[in-house]
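J.: My questions are about this predicted structure, shown below with the sequence.
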2 protein chains.
Amino acid sequence: MFTLTKDTAVPLTEQIVRHFAQRIDEGLLLPGAKLPSVRQLAARLEVSVHTVLVALDRLAGQGYVASRPGAGYFVLRPSGRAAEGPSPAPPAPATTTTGFTHSALSADATLLQAGSGYLPRHWYEDAIAPATLARSLRESAEAAVLPPVQGLPALRAQLAERLARRQIPATAAHLVTSFGASQALQLAARVLAGPGDVVLVDDPGYFLLHSQLAALGLRVVGVPRDEQGPELQALAQLAEEYRPRAFFTQTLLHNPTGASTAPARSHRILNLAEAFDFMLVEDDVYGDLAGDAGVRLAQIDGLRRVIYISSFNKVLSPSLRVGYLAAPPALAERLVELKLMDVLSGSTLEEALVAEVLRSGRYHRHVLRLRERLARARAAAIAALQRCGLRFDADAAGAEGVFLWAALPPGVEAPALVEDARAAGIVIAGGHMFSRRGAGLDRLRINAAWATDARLLKFLQEWLARAAPQSP
Amino acid sequence: MFTLTKDTAVPLTEQIVRHFAQRIDEGLLLPGAKLPSVRQLAARLEVSVHTVLVALDRLAGQGYVASRPGAGYFVLRPSGRAAEGPSPAPPAPATTTTGFTHSALSADATLLQAGSGYLPRHWYEDAIAPATLARSLRESAEAAVLPPVQGLPALRAQLAERLARRQIPATAAHLVTSFGASQALQLAARVLAGPGDVVLVDDPGYFLLHSQLAALGLRVVGVPRDEQGPELQALAQLAEEYRPRAFFTQTLLHNPTGASTAPARSHRILNLAEAFDFMLVEDDVYGDLAGDAGVRLAQIDGLRRVIYISSFNKVLSPSLRVGYLAAPPALAERLVELKLMDVLSGSTLEEALVAEVLRSGRYHRHVLRLRERLARARAAAIAALQRCGLRFDADAAGAEGVFLWAALPPGVEAPALVEDARAAGIVIAGGHMFSRRGAGLDRLRINAAWATDARLLKFLQEWLARAAPQSP
């Protein structure tokens, strides 16, 4: 690493800019090379993060480097380029998880969110009555301060009752509320594992979880799935090889495949967790959309080796950020302490609102309506997408939930399609984003509720006809 | 570290329990000794966190160790004790920051929250109109999905306008929303510094921030304050000695003293930040309660070396968790990426609600009413507390905001008073909690709005009469 000269008229930022520009121009730093992180640079050069960022911004403005959100700064190209003057930093490609997430949460209403994990707006409309909202505001105003760090007692009582009906033995003491399932997953990971530890994830599986875990310094290893759930032999081998701290898995209506783990498979997963002494973190954000036959890990384990996570974001309202964890009490206590340091406490308004919707019985009726609606949408979507040339596993028509895991025609790969779709204003999730093992290149995850949109179908038909003339 | 025998009939947890019980009984681990963290134990013994927690729970049940939330497990006492059978784990003492925070957020309505940073419930009542709430719910339902990771555009636009009126040049691109100021402070810390780095804080200063920063692995060094703000000479010396990454400071209505930093002092703090190349993180959660004469660091710096943080939790409604950061754009981008990994996004409902309250002008009227009310409460509280034997700095009567920084009579220390108050159902904040340097033992932070409560005054009068018969 070079050093800066502190007693010169050349400002520190300018010295950093010149250094990198020169190295890139001389071909000592090649296009695609990743620069050290901003913090590393700041530490090594003994300057502030601010100084480094100003320098990198200037290098980006001159076309030497580009930042990829969440990944860092990369060398773009040498020499000549500089003469062409400043160019805007390219947006993160739609095929990366960060690029996809920003598109999926974009305020741009012209985008068609066919890759979304959410349902269309009007499907949520009847879920929360105005009177419920008014009552919640009154109640939360009466509470006067923030709820206890662990969560509003009224909400934890409702959740405990709900879980008891599913034979998950969680009392209010086992429950901790969170800002959505994302915060819950992050807290669970930090309680169970530290930098360098291995954790297992579903592969394919929820891509943002993979990034979250990696950002915590964990080594993330994918467990392949078949239509019955995680593959047992692979799980046993990976457990033997890596001695993981935990396995993060979705039992019901798995994201992205939409399939649920068979109960007999769950039983054996728990036995493997016991044998190899790892914990299970069960992400159940879509479980309410599954029929009553679904069996969760937390149900058959009795909350000994399982941290159970869910939220109301996907089913009740995307406008709310209320999630929760059910965990063995000693772990619940540590989750509370981590939450205290991160965000102090949850929101009284939102927690009171969800408690009231649960108490009133309205939530249950809303869920039943969503299930019916999704069943009809799935049937129509599968038929329409098949006409475009996409294929489905044999049992897709009988399955439930939001996601269709569509196979592309032979020889066609998801990234190119996803990029072209994004350029046409359509957000689709490429299957490759969900895999740590390079799988899923031939798959798309499509939201059943959006999949009969004419714009999407027209795009898919034309694109696939061009890309794969041999397909039907 | 001992090793466990895996091929024996004695379960792993039992082996761990026996090991520690024996060491404690033999006096090899003395009362007060801290055990390694749960994760360290799990890693060293090559068992799961779950196994260690079960063992520690059993040791706690036998009276050998006790857990202090946030701090870990400590040896209670050896031998004889074990025969006395299980005793409940003691709650965290009211004099520790965690114990205080749990009390301050307790659902127990019989507690008098005289140490709170919040105002009494009915002071917030007129802030949000029912019609505003209904409109926000409708608007957030129309938004349909989560807001962009950076925050709801409508809210960021309102915030940018507000900041522009204060001559803080933040456009929507500079702004990132957060779950309260707590999350904002944590994100700012992670963007600016990494484990092992030194950060400076106000001393005395907001105790939970000190714990938050330490929990991130940062070295937290206190900068002493006088009535004009951070002491410049001390700041320069500490900057020289530690080369800190950042200085976290409250310019207006500082917590706990209630004093504001003089504008000329702020100017010189910025010069020191420039000279020693560190960033400033300005926590402005109480600033709206200050008169219009208050000058913020972000105002005179123009958002170059300052990350500005505020929230609506203290002034508008404790029921909401809407905070925000204003930062130089390159830093804002990195804050967004960290937020994405932590919580994915904010809450559309709460962000739409705050945007609407700001837009309607109701927020401004509410703030003016609060200021008047607080001014009256402060005058009455100071008179009443002086009659109990507490003393105030000369300018306390002219100051503004929520906090009174009351001095105890000579020879009287805060921790004993705080514990006795807690036993009597009164939550008070001891001054020692706010200092990294062992200062503040002779101070209490009292909330002006609660300070004329008869129960509090009776307690203080009687306790101080007993403890310090020499005081008036």
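T.: Cool, the structure landed. Since we're looking at a predicted model, the values are computed, not measured.
J.: Can you show me the helices along the stretch 101-250 of chain A?
T.: A:130-143, A:153-165, A:180-192, A:207-215, A:232-242 (DSSP state H, counting those that start in this stretch).
J.: Now do the SS call for residue A:338.
T.: Of the three states, residue A:338 takes helix under DSSP: H, G, I helix; E, B strand; the rest coil.
J.: mind checking pLDDT for it?
T.: Note for residue A:338: predicted pLDDT of 95.
J.: burial count for it?
T.: 19 (other CB atoms under 10 Å in any protein chain shown). (Each C-beta comes from the backbone N, C-alpha and C, glycine too.)
J.: Pick the most buried one from the helices of the stretch 101-250 of chain A.
T.: Across the helices of the stretch 101-250 of chain A, averaging neighbours per residue (mean count of other CB atoms under 10 Å in any protein chain shown) puts helix A:180-192 on top, at a mean of 26.
J.: hmm, who's touching stretch A:155-168?
T.: A:150, A:169-172, A:174-175, A:177, A:296, A:298-299, A:302-303, A:308, A:322, A:324, A:326, A:351-352, A:354-355, A:358-359 (CB atoms under 8 Å, 6 or more residues apart in numbering or on different chains).
J.: returning to what we had before: could the helices of the stretch 101-250 of chain A be laid out in CSV, adding mean pLDDT?
T.: Shown next, in CSV, are the helices of the stretch 101-250 of chain A (pLDDT from 0 to 100):
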stretch, mean pLDDT
helix A:130-143, 74
helix A:153-165, 94
helix A:180-192, 97
helix A:207-215, 94
helix A:232-242, 98
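J.: With respect to residue A:62, which of the ones you listed lies nearest?
T.: helix A:207-215 (29.2 Å; CB to CB).
J.: packing partners for that closest one?
T.: helix A:97-104, helix A:180-192, strand A:198-203, strand A:219-226, helix B:329-343 (3 or more CB pairs under 8 Å, 6 or more residues apart in numbering or on different chains; DSSP states H and E).
J.: Got the confidence number for the nearest residue to residue A:259 once chain neighbours are set aside?
T.: Spatial nearest neighbour of residue A:259, excluding adjacent residues (CB to CB, 6 or more residues apart in numbering or on different chains): residue A:227 at 5.4 Å. At residue A:227, the pLDDT value in this model is 90.
J.: Residue A:304: how many residues sit nearby?
T.: 15.
J.: Ok, residue A:32 next?
T.: Neighbours of residue A:32 using other CB under 10 Å come to 9.
J.: What's the per-residue pLDDT of the closest residue to residue A:413 other than its chain neighbours here?
T.: Take residue A:413 and drop its neighbours on the chain: the residue closest to it by CB to CB, 6+ apart is residue A:441, 4.9 Å away. Here the pLDDT value assigned to residue A:441 is 93.
J.: follow-up on the earlier one: give the ChimeraX command for selecting the buried subset of the contacts of stretch A:155-168.
T.: For the buried members of the contacts of stretch A:155-168, the matching ChimeraX selection, counting by 16 or more other CB atoms under 10 Å in any protein chain shown, is:
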select /A:150,169,170,172,174,175,177,296,298,299,303,308,322,324,326,351,352,354,355,358,359
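J.: Can you say which of the helices and strands packed on helix A:207-215 is nearest to residue B:20?
T.: helix A:180-192 (21.2 Å).
J.: Tell me how far the closest one lies from the chain's centre.
T.: 12 Å (CA atoms, centre = their mean, to the nearest Å).
J.: Could you do stretch A:216-226 as well?
T.: The answer for stretch A:216-226 is 14 Å, by CA atoms, centre = their mean.
J.: Looking only at that stretch, what residues are buried by neighbour count?
T.: Quick answer for stretch A:216-226 (16+ other CB under 10 Å): A:216, A:218, A:219, A:220, A:221, A:222, A:223, A:224, A:225.
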